[in-house]
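Coordinates for the following, if possible.
(one chain, ligands or ions: 1)
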Amino acid sequence: MEKDAEILALSSVDRFIDILNSLADGIFISDAQGTTLWLNKASENLCGMPKAELIGQNVADLEEMGIFSPSVTRLVLESGKPTTTIQLVNSRGKFLVTGHIIPDEAGNPELIVAHSRDITEAARASSQLEETVALLKRYSEELQLMKREANQSSSQTLIGNSRSYLALMELIKKVALADTTVLITGETGVGKSHLAEQIHQLSERSTGPFIHVNCSAIPETLIESELFGYHKGAFTGANHSGKIGLVKMADKGTLFLDEISELPYHLQSKLLLLLQNKTFMPIGGTKTYTADIRIIAATNTNLQELVRLGKFRHDLYYRLNILPINVPPLRERKDDIFPLLHHNLQKFNAKHNQKRRFTSDVLDVLHQYDWPGNVRELENLVERIVITSKLDEISVTDLPEEQRSIRELEEGILTLGSLSLTERMEKIEVEFIMQALRIHKTTRKTAAALGITQSLLMRRIKKYGIALEDEEDA
Ligand SMILES: Nc1ncnc2c1ncn2[C@@H]1O[C@H](COP(=O)(O)OP(=O)(O)OP(=O)(O)O)[C@@H](O)[C@H]1O
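Down below sits the predicted model:
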């Protein structure tokens, strides 16, 4: 206060007026009746009228003339309290105005000082932000729609005509709607992952994430942190800011645990807890988190056998096995082979810009083939022959040896009409041995593949005079 008095003593009133006029914010002073007493340069500019014409006018009249609206001085006089409002001045810009009461010595209002700040830019930025938020909302809705449409079209790629596959598709539709754990079993390449994704897309979680985790592809030392995440500084080498696990990332969606049999035993109890309570604890954490997820697991091994051997927790097995789905191998649903061949031919013709087509001979051979690698093997074969076939018409000679030899063997047996049964059987045996030798190269591996001892194989090779290419074997 003493300091203020010193400054006042040193400064003239003119000096104060200079200071107030140098401000970018408007200062507008009225008496307790709302009569304009003084305003600074910034305020004069805002009002768009010479100061001399404004002084003496009542704020209520200025308000009526549309100079500003509303008048904060009037609001202060009406409420008897300091007031802040957004004011439109001369319909030009938006101002944040605050009216303060300066009391006289008896404490009664003597002056009203209105202070205004231009917020036109801030208001514009805020309305731009509102527009952006609205746009983002619209884009997100459109994205969800597109996603749903894409889901619908990809569900058409579930190809299969056999009775067992059609029944499977019916089951999938029902399973999708029941928001519970599913266990998909079947040989490698039968389409377990493909089905898991279909279940997700047909479910109410389709707009949420589908997180595919291949338990055999993540090193055992990393799988816990990958799945459940960790807090910062949980272990040496951990990222400083911590890490969100795949379980959390699958929130509101589906977590697909492929090759579940490979999940380390010590993590199986943690997964069981997640299945039962939908809760988990990141590494280095002290509190549990919830995850709104559906778990679909898949395996191509016999889990029951692993339970018997003590390698898989029996309580986890029963918890996973609520809705079991078995996908039969392709050789047990041969009616699916043609549709899958045609679907893939179209797909790879389009991808490689080709016009390949199958001859009926090729279709026969592929129909008879056993497809140990199931749909994946079929897919790979079609892509390979679309690329390598010499003409647009794919013939048996374009097929790789594994498939071609079936036809050659079959033709051999059929044309050997004059041979006795023993001779025919021997012919077949020779064909099998030669084919296996071509594939496996050494007699040791060939014998193992044929399920006989190496010495028995050597006796047969000698008996039929089969030439061995490999010098070591010879
Ligand atoms: N019914 C089907 N219609 C069309 N494509 C299919 C079908 N089933 C499987 N496929 C395709 O076959 C390939 C192998 O399928 P997928 O990866 O789902 O097999 P999987 O059983 O999960 O194999 P793995 O046990 O090796 O993980 C994929 O490219 C998939 O798109």
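
Can you tell me which residues in the stretch 51-200 of the chain are near the ligand?
Near the ligand, the residues belonging to the stretch 51-200 of the chain are Thr157, Leu158, Ile159, Gly160, Gly186, Thr188, Gly189, Val190, Gly191, Lys192, Ser193, His194 when assessed by CB under 6 Å from any ligand atom. C-betas here are computed from N, CA, C, even on glycine.

Tell me how this structure divides into domains.
Residue ranges for the domains of the chain, per automatic domain parsing: 2-118, 120-156, 168-326, 329-413, 416-474.

Any chance of a markdown table for these, columns mean neighbour count?
Output for the domains of the chain, formatted as a markdown table (neighbours: other CB atoms under 10 Å):
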| stretch | mean neighbour count |
| --- | --- |
| domain 2-118 | 16 |
| domain 120-156 | 11 |
| domain 168-326 | 17 |
| domain 329-413 | 16 |
| domain 416-474 | 14 |
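
I'd like to know which of these has the weakest mean confidence.
Taking the average pLDDT of each of the domains of the chain, the minimum falls on domain 120-156, with a mean of 70.

In the stretch 151-300 of the chain, what residue spans correspond to strands?
Listed in chain order, the strands of the stretch 151-300 of the chain (DSSP state E, counting those that start in this stretch) span residues 182-185, 210-214, 254-258, 279-280, 289-290, 294-299.

Which residue comes closest to the residue nearest the centre of the chain once chain neighbours are left out?
The residue lying closest to the centre of the chain (CA atoms, centre = their mean) is Pro209, at 4.6 Å. The spatial neighbour of Pro209 that comes closest, neighbours along the chain excluded (CB to CB, 6 or more residues apart in numbering), is Gly253 at 3.8 Å.

mind listing what the one you found touches?
If you count contacts by CB atoms under 8 Å, 6 or more residues apart in numbering, Gly253 has them with His200, Arg205, Gly208, Pro209, Phe210, Ile211, Ile293, Arg294.

What is the end-to-end distance of stretch 281-298?
Taking CA to CA, to the nearest Å as the measure, stretch 281-298 stretches 24 Å from start to finish.

so Leu456 touches Thr446, yeah?
No. The pair Leu456 and Thr446 fails to qualify as a contact (CB atoms under 8 Å) at a distance of 11.2 Å.

which secondary structure element contains Ser138?
For residue 138 the amino acid is Arg, not Ser. Taking DSSP states H and E as the definition, one finds Arg138 inside helix 120-155.

do the same with Pro324
Take DSSP H and E as the rule and Pro324 turns out to sit in strand 323-326.

could you say what helices and strands that strand packs with?
If contacts are counted by 3 or more CB pairs under 8 Å, 6 or more residues apart in numbering; DSSP states H and E, strand 323-326 sits against helix 163-177, strand 182-185.

For the stretch 201-350 of the chain, which segments count as helices?
In the stretch 201-350 of the chain, helices defined by DSSP state H, counting those that start in this stretch lie at 220-228, 246-249, 265-277, 303-308, 314-320, 337-352, listed in chain order.

Same list, these, but as CSV with distance to the ligand please.
Rendered in CSV, the data for the helices of the stretch 201-350 of the chain read as follows (distance: least, CB to the nearest ligand atom, whole Å):
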stretch, distance to the ligand
helix 220-228, 17
helix 246-249, 17
helix 265-277, 19
helix 303-308, 14
helix 314-320, 16
helix 337-352, 6
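
Distance to Leu381 added to these, as CSV?
Conversion of those to CSV gives the following (distance: least, CB to CB, whole Å):
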stretch, distance to Leu381
helix 220-228, 33
helix 246-249, 33
helix 265-277, 36
helix 303-308, 30
helix 314-320, 33
helix 337-352, 9
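
Indicate which one of those helices is closest to Gln368.
Of all those, it is helix 337-352 that lies closest to Gln368, at 9.4 Å by CB to CB.

So Ile86 lies in a strand, does it not?
Yes. Per DSSP: H, G, I helix; E, B strand; the rest coil, Ile86 lies within a strand segment.

show me the contacts for it.
Listed by CB under 8 Å, 6+ apart, the contact set of Ile86 reads Lys94, Phe95, Leu96, Val97, Ile119, Ala123.

distance of it from Asp361?
For Ile86, the distance to Asp361 (CB to CB, to the nearest Å) stands at 83 Å.

in terms of contact, does Asp251 touch Ile293 like I think?
Yes. Assessed by CB under 8 Å, Asp251 is found in contact with Ile293 at 6.4 Å.
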